Each structure stands twice: as C-alpha cells, then as structure tokens.
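[1] Compute the structure for the input listed below.
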Amino acid sequence: MFCTTKTDKAKEQYQKDFKKNYVKFTAQANKFKLDNRITDIMKKLFLEDACFGFVTENDTDISIFFIDPRYCEIKKLSNGSIYQYAINRSLMNNSYLQTLPLELQALLEQSKELSLNNMVMVPYENSLCLKYNNDFTYLYSPFFPLIASILDIDDIKDLVKAKSEADAYKLVYFKIPVDDEGHITMGDELIYPFVEMAKSILPDRFGVVPSPMDLQLIESKSTISDDKNKVEQAVENYYGEAGVSKALISSASSGSELKLSMKVDSSDIYRIYRQLESWMDLQMKLRGHIHDDYQFVYRILPVTIFDVDDYIEKKLKLAQASLPVKGELLAATGVNTAKMLGNSFMEQMFKEDIYDKWEVLKTSYTTANDGSEGGRPMNDDTDLAPSTDTQRGNDSNNTDNRI
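    Residues are numbered from 1 along each chain as shown. The predicted model follows:
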C-alpha cells in the first residue's frame, strides 16, 4: 500500500474514504479465494507448464473454470508477467463446449463472424493465464526431461527383481543312466514316479529336471549389494536432473541439508506467487480499484507449509517491537485481511455482551480448597497411597515438622 499525505483540513474525510476503499478492495480480493485455488493452479503448472482459466463473476463470488491446454495458445505478454491467450474454437467438439461456462460459450459463439481463423482472444478481465517456464511462450512440461530417468529406475528395478528371483530359484538334477552307445537305459515308467515324488516334497522355488546330460548353472558375478547400488545410483541421477534434493523425499544427512533444500525449492514457488500478484493487481484495476492518492497492492506472503512456522516466529518478534506487521502475522496463521476485519468487527460489537462475561473454566487446578486455600481438592481417604497416608499422619508438609 502506498499513499501520500493530505492537509489537516481534509484529513478526516481522507481517512473515511481510505477505509471505505480499503474494505471494498479487500472484499473484492476475497471473492477470488485464491487460497483455495492455489493448489489446483500449481498442479496444472507443474504438469502442463501453463494454466488457462476463464473468470466469471457475480455479486457474491468469482469462479475460475480451467480449460484444457490443448485448445489454448498464448498470444500476448504484458508487463513481463501477464499473459493473454486465445482459444481455438475449431478443436472443441460439442460435448466439451457444453461443459464450458455460459459466458465463454457466448463469447465463442459471437466470435464466429469476427474470427476467421477460429482463434478467439479471451479478454483480460476474464483471463487467467500463468506459465511455469516463462522463458518462452510454447508449452514445455517442467518434468518432461525426467521421463527418461524415471524409466531407467523402473528398468533397473525390474532387472534387480529378476536377479533376486533367479538367485532364490534352485534346480534339482536327476542323472539318467545311459549305455555305452548313449541310449537311455530307463523308461518313463521308472523316471516319472521319482520326479513327482521329488516335486511333492520340495519348495515351490525348486525345479526338478531329469536329463542324461550334465547340467551347469551359470551365474552372474554381481551381488545383491551391487544391484542395490545400481538402483540407488539411478535414483540419485533422477534427483540430480530434477534439481531437487533427495533429502526432501527420503533420508537427509543433516537437518541443515533438509532445511536448505526446502529454501531452494520454495524460491521457485515464490516466482509463481509474483505472477499471481501481478495478475491480481491487473484484475483489481480492471474492476475500478484505482485511486489518485494511493494504491492497494495484493500480496502473497513468501511462505510455504515447510517454513511458515519460522515466518510466524520472525513476524511475532517484529510485532512485539511495535513494527506494523500484525496483518502479515495473521495472514501467515491462515487469517486473511477479510477475516481479520470481520473478526475485529465482531469482537468490538459483542465485547461487552459476550467476551467480557466469559469466565475461566473451573477445574481442580483453579478451584480453592474449602474456600480458603488454593490448589485442587484433596483426594478421598479411600484413594490414598500408603506413602500419602503416612505423610498426612506425620504432617510432613508442615515445614515446622521437618528436620
């Protein structure tokens, strides 16, 4: 928020107008309810690189309908971070068109006579367009380069599994006697019963093979430890290509490593916050929240679920030092500006009728004993432990009786 000073003569009216406009700005911003939609927006950015939404508004609420990126194309970039996109009407079938908001259906229908190439520009006041990779306008999934690494991990796991199963398999070999000319001297009527008898008493992972030839089992030289190392190396390569610390998902060598990894990843999220802030500032200006002497700014706190406690502790210390950060402190705890104004108004309205009449609950720790001494009531004599019974008899709690 930025403002300029006024003369003392107009100070009172200036303050009234300022408060009135601030409440209007807060109410308008609260209608977007970005705190409930930020998760869906982030998912689409990480999976599809871009988020295309159509904004509709009524007297009480603002809705955002997300459109399939296959039908959208970024056409314009304003102020370095605000995108405007167009919808290719010809790619949509009738069943999908019927699922769109009525306002968007009307826009597509009206544009048939104006747009000969079937590309329909979505107005800024109805457009939500954010992009993860903002170095170029075409779509490129952030995790697309990791597909090869993921497939490598899966292949190596299959190989390790096959190797483990082969190591666990055992083969029982029956030597069938032959004569000097190499002819088998036993018939099936003698071989078959012995083979079946061996199968019936051996575990499932044992095989039985009768053969007149000598059999030899060829094993690989790798060990189980080697195979595990191969999988771990493939996983390390995956995290290295993703630019994400393995400490976030599995084990960390130290607490500082985990904390620093979260800070690095959070900085990437803050970049998306800044895009949302620029988009919200534009939306508020398009809805008439423009003032000559001051400007209200929509801001998202630079926090995530991983570091919000540290942020609250920092802001609390600043607030205790009389710095004007109480609003940020409440926002970090989940109380946005609209809730703060509402809660403050409710407490002022009902302070004397409700809040001042509340009393502390009476418990065993706040109830006086016989109306004269503090502390919880004494236990019944039937509930006393032997040591407590002796203590009462000796009155050892009395300092005069202690040696």
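[2] any idea how this structure splits into domains?
    Per automatic domain parsing, the domain ranges recorded for the chain read 33-141, 146-242.
[3] Endpoints of the first one, how far apart?
    Translated: domain 33-141. 26 Å (Cα to Cα, to the nearest Å).
[4] re the thing from before, looking at the domains of the chain, which one is packed in the most?
    Mean neighbour count (mean count of other Cβ atoms under 10 Å) peaks for domain 33-141 among these, with a mean of 15. Quick note: C-beta positions are derived from backbone N, CA and C, even for glycine.
[5] Of the domains of the chain, which is nearest Phe306?
    Among the domains of the chain, the nearest to Phe306 by Cβ to Cβ is domain 33-141 (14.2 Å).
[6] Off-centre distance for that closest one?
    23 Å (Cα atoms, centre = their mean, to the nearest Å).
[7] quick one: average confidence on it?
    Averaging pLDDT along domain 33-141 yields 90.
[8] what's stretch 173-183 in contact with?
    184-186, 191, 194-195, 198, 208-212, 214-215 (Cβ atoms under 8 Å, 6 or more residues apart in numbering).
[9] Likewise for stretch 322-336?
    Here stretch 322-336 makes contact (Cβ under 8 Å, 6+ apart) with 30, 35, 301, 303, 308, 311-312, 315-316, 318-319, 337, 339-340, 343.
[10] what's the first-to-last distance across that stretch?
    Note: stretch 322-336 ends 20 Å apart using Cα to Cα.
[11] pLDDT of it, averaged?
    Stretch 322-336 carries an average pLDDT of 91.
[12] So which bits of that stretch are buried?
    By neighbour count with 16 or more other Cβ atoms under 10 Å, stretch 322-336 contains the buried residues 325, 328-332, 336.
[13] now that stretch, how far from the centre of its chain.
    Mean C-alpha position of stretch 322-336 versus that of the full chain (Cα atoms, centre = their mean) differs by 22 Å.
[14] on that earlier part again, tell me which of the contacts of stretch 322-336 fall in helices.
    Among the contacts of stretch 322-336, DSSP state H puts 30, 35, 308, 311-312, 315-316, 318-319, 337, 339-340, 343 in helices.
[15] Are any of the residues you listed buried, and if so which?
    30, 311-312, 315, 319, 337.
[16] Of all pairs in those, which one spans the longest distance?
    Top of the distance list for these (Cβ to Cβ): Asn30 and Ala319, 23.0 Å.
[17] Enumerate every residue touching Tyr311.
    Neighbours of Tyr311 in contact, by Cβ under 8 Å, 6+ apart: 301-303, 332.
[18] actually Ala166, sorry about that
    Applying Cβ under 8 Å, 6+ apart, no residues qualify as near Ala166.
[19] So it, which state does it fall into?
    helix (DSSP: H, G, I helix; E, B strand; the rest coil).
[20] Check Glu113 too.
    coil.
[21] hmm, back to that, could you dump the domains of the chain to TSV with distance to Lys20?
    Below are these laid out as TSV (distance: least, Cβ to Cβ, whole Å):
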stretch	distance to Lys20
domain 33-141	19
domain 146-242	49
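[22] can you tell me which of those domains comes nearest to Ile269?
    Nearest of the domains of the chain (Cβ to Cβ): domain 33-141, 7.6 Å.
[23] What ranges does the stretch 101-250 of the chain have for its strands?
    All strands of the stretch 101-250 of the chain, identified by DSSP state E, counting those that start in this stretch, fall at 119-121, 127-131, 170-175, 206-211.
[24] Other residues contacting the first one?
    By that I understand strand 119-121. Residues contacting strand 119-121 (Cβ under 8 Å, 6+ apart): 73, 75, 84-89, 107-108, 111.
[25] Inside helices: which ones of these?
    Counted as lying in helices by DSSP H, out of the contacts of strand 119-121, are 107-108.
[26] which among the contacts of strand 119-121 gets closest to Asp265?
    Of the contacts of strand 119-121, the one sitting nearest to Asp265 (Cβ to Cβ) turns out to be Tyr85, at 27.6 Å.
[27] How much space separates Phe136 from Tyr83?
    12 Å (Cβ to Cβ, to the nearest Å).
[28] that older thread, which one of the domains of the chain lies closest to Asp265?
    Closest among these, using Cβ to Cβ: domain 146-242, at 10.2 Å.
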